[in-house]
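**Q** structure for the following, please:
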Amino acid sequence: MSEHQHQYPGAGHQFTWQPPQQPTTPQPMFPVTYPGYGGLPSSAPAPAPEQPTTRRGGRLRIGLAGLVAGALIGGGAGAGVTALLDEPAGSTASSASAQSVTIENPERATTATAAAAKAAPSVVTVYVSTGASAGSGSGVILTADGYVLTNNHVVAGDGGGSGTVQVRTADGTLYDAQIVGTDPDFDLAVLRLDGAEDLVPATFADSDEVQIGDVAVAIGAPLGLSNTVTDGIISATGRAVATASTQDDATVLDAIQTDAAINPGNSGGALVDGAGEVIGINTAIATVASGLPGGQSQSGNIGVGFAIPGNTAQRVAQEIISTGTASRAFLGVTARTATDDQNREVGTGAEVATVEPGSAADEAALQAGDVVTAVGDRPVTTSTELTAAIRSQAPGKTVELTVRRGSDARTVEVTLGKTN
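**A** Got it, this is the predicted structure:
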């Protein structure tokens, strides 16, 4: 059983989930949940959190969840858990008090001060109500005429449906909003604000240039507190993170990891660099599971948060705006984690289980039993890492796979396919 929980920080409730069973390839996992929703409890009764029933050994283990065996690499994996909390939304464009971020004392300003002052006007609070529940998350303005990027789990209601969506900008104006399109596999959604004009679009940096140790500033509405700013550093890049509520319901992220505080309600908000340019969309946090020695279950920040890289977010958003859907790179295999003979919790690659006829993998002559150990210069030790590495690529791109077949290793060029 997982000893950490991945939590969508947009979700005001902490949902734990049973990791998918992979009898032949056990792995330590940490619980990841979507923090997209959060805030003060609404009048709707909240579902009771599901508690882990077992734990592994007596030590705290930290790892990343492997992809569910049999899930199609690069193909359609479903969304993660969603909860809706917070005050119900109001009606169309009206003004309310909001805290703006300004530099009052330039001589005392820090990097975070300057970054927040530039980026905060482009970050919004997203309110969603669906029947018996309501909640809030965050979003990032894409265009002056009202396109806004957020997480899919922020706007997706129970059962995958959507409810009434409203958005409050940093100046306090409240807009009705429509969902233009969503992509659960990337956990992204695009909204369009009714009657909006002269908004302040966010500036995006090249997220491929992000380095470990760079300044990171998170801006959003944790617990419904709009324009909240936290800072830290980039802890890791290319972090493969799997979130899931069931074995057939997995979202795999190729994430930027940060220790900037991300809490329920931050999901969909901006992770910006020292120049105030967006490098990621905050989407998930790791939490410590209950029942572990010396610790209580936590639903908020423990310094391990994850953001969808800005380059990926921009590409997906542009496709959604143009067509209503987004495409993904497609390799065309199912895979499981290959493990070390002496320690089955140590992954040594992604072992191909099946190859889809006519797919990119088939054309590259991959076979069941092959073990992928790298995509380009990026090491692969688990099936989750293979999924994340493929998903980070654009459809049609040619990548080099390092493949182990028996005792031999070789490199294979694969031109990735495309799927919606």
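**Q** quick check: mean pLDDT of the longest helix along the chain?
**A** Scanning the chain for the longest helix, with DSSP state H as the assignment, gives helix 310-323. Mean pLDDT, computed over helix 310-323, is 96.
**Q** parallel or antiparallel, list what pairs with the helix or strand that comes right after it.
**A** Scanning forward in sequence from helix 310-323 by DSSP states H and E, the next helix or strand is strand 328-330. If you go by DSSP bridges, strand 328-330 pairs up with strand 417-419 (antiparallel).
**Q** buried residues in the strand it pairs with?
**A** Across strand 417-419, burial judged by 16 or more other CB atoms under 10 Å covers 417, 419. To be clear about C-beta, it is placed using only N, CA and C from the backbone, and glycine gets the same treatment.
**Q** equivalent analysis for stretch 315-322, please.
**A** Those would be 315-317, 319-321, for stretch 315-322 by 16+ other CB under 10 Å.
**Q** output it as CSV, restricted to C-alpha atoms.
**A** Coordinates of each C-alpha in stretch 315-322 appear next as CSV, following Å, rounded to 0.1, in the frame of the first residue of the first chain:
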residue,chain,number,x,y,z
ARG,A,315,0.4,23.5,-26.6
VAL,A,316,-2.5,21.7,-25.1
ALA,A,317,-4.4,24.9,-24.5
GLN,A,318,-3.9,26.1,-28.1
GLU,A,319,-5.2,22.9,-29.5
ILE,A,320,-8.2,23.0,-27.2
ILE,A,321,-9.0,26.6,-28.2
SER,A,322,-8.6,25.6,-31.9
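**Q** got a list of contacts for it?
**A** With CB atoms under 8 Å, 6 or more residues apart in numbering as the test, stretch 315-322 has contacts from 142, 147, 149, 180-183, 186, 188-190, 325-327, 394.
**Q** lowest average confidence, helix or strand, in this structure?
**A** Ranked by mean pLDDT, DSSP states H and E, the weakest helix or strand in the chain is strand 94-95, scoring a mean of 38.
**Q** what is the subsequent helix or strand relative to that strand?
**A** As assigned by DSSP H and E, the chain's next helix or strand after strand 94-95 is helix 111-119.
**Q** ok, the helix or strand just after that following helix: who's next to it in the sheet?
**A** Note on helix 111-119: by DSSP H and E, the next helix or strand toward the C-terminus is strand 123-130. Strand 123-130 sits in its sheet next to strand 133-141 (antiparallel), strand 164-168 (antiparallel), going by DSSP bridges.
**Q** what's the most buried one of the ones you listed?
**A** Of all the strands paired with strand 123-130, strand 133-141 has the most neighbours on average by mean count of other CB atoms under 10 Å, namely a mean of 31.
**Q** CA atoms only for that strand, dumped as PDB, please.
**A** Extracted C-alpha coordinates of strand 133-141, given in PDB (Å, rounded to 0.1, in the frame of the first residue of the first chain):
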ATOM      1  CA  SER A 133     -21.300  20.700  -3.800                       C
ATOM      2  CA  ALA A 134     -19.200  23.700  -4.700                       C
ATOM      3  CA  GLY A 135     -15.600  24.700  -4.600                       C
ATOM      4  CA  SER A 136     -12.800  26.800  -5.900                       C
ATOM      5  CA  GLY A 137      -9.500  26.500  -7.700                       C
ATOM      6  CA  SER A 138      -7.200  28.700  -9.700                       C
ATOM      7  CA  GLY A 139      -6.500  29.600 -13.300                       C
ATOM      8  CA  VAL A 140      -4.100  31.500 -15.600                       C
ATOM      9  CA  ILE A 141      -5.300  34.100 -18.200                       C
END
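**Q** got the contact list for residue 273?
**A** Contact partners of residue 273, counting by CB under 8 Å, 6+ apart, are 115, 205, 210, 214-217, 279.
**Q** what subset of those residues is buried?
**A** 115, 205, 210, 215-217, 279.
**Q** just those residues: which are in strands?
**A** Cross-referencing the buried ones among the contacts of residue 273 against strands under DSSP state E gives 215-217, 279.
**Q** just those residues now: which is nearest residue 269?
**A** Using CB to CB, the shortest approach to residue 269 within these belongs to residue 217, at 10.6 Å.
**Q** related to what we said a few turns ago, in CSV, list the ones in strands among the buried ones among the contacts of residue 273 along with distance to residue 123.
**A** As requested, these are exported to CSV (distance: CB to CB, whole Å):
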residue, distance to residue 123
215, 17
216, 14
217, 11
279, 14
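**Q** what about the stretch 151-300 of the chain, any weak spots by pLDDT?
**A** Counting by pLDDT under 70, the stretch 151-300 of the chain has low-confidence residues at 157-162, 244-250, 289-299.
**Q** quick one: the strands in it, in order.
**A** Remark: strands assigned in the stretch 151-300 of the chain by DSSP state E, counting those that start in this stretch are 164-168, 173-183, 188-193, 215-220, 228-246, 249-258, 270-272, 278-288.
**Q** tell me what the fifth one is packed against?
**A** Which is strand 228-246. strand 4-7, strand 32-33, helix 111-119, strand 215-220, strand 249-258, strand 305-309, helix 383-391 (3 or more CB pairs under 8 Å, 6 or more residues apart in numbering; DSSP states H and E).
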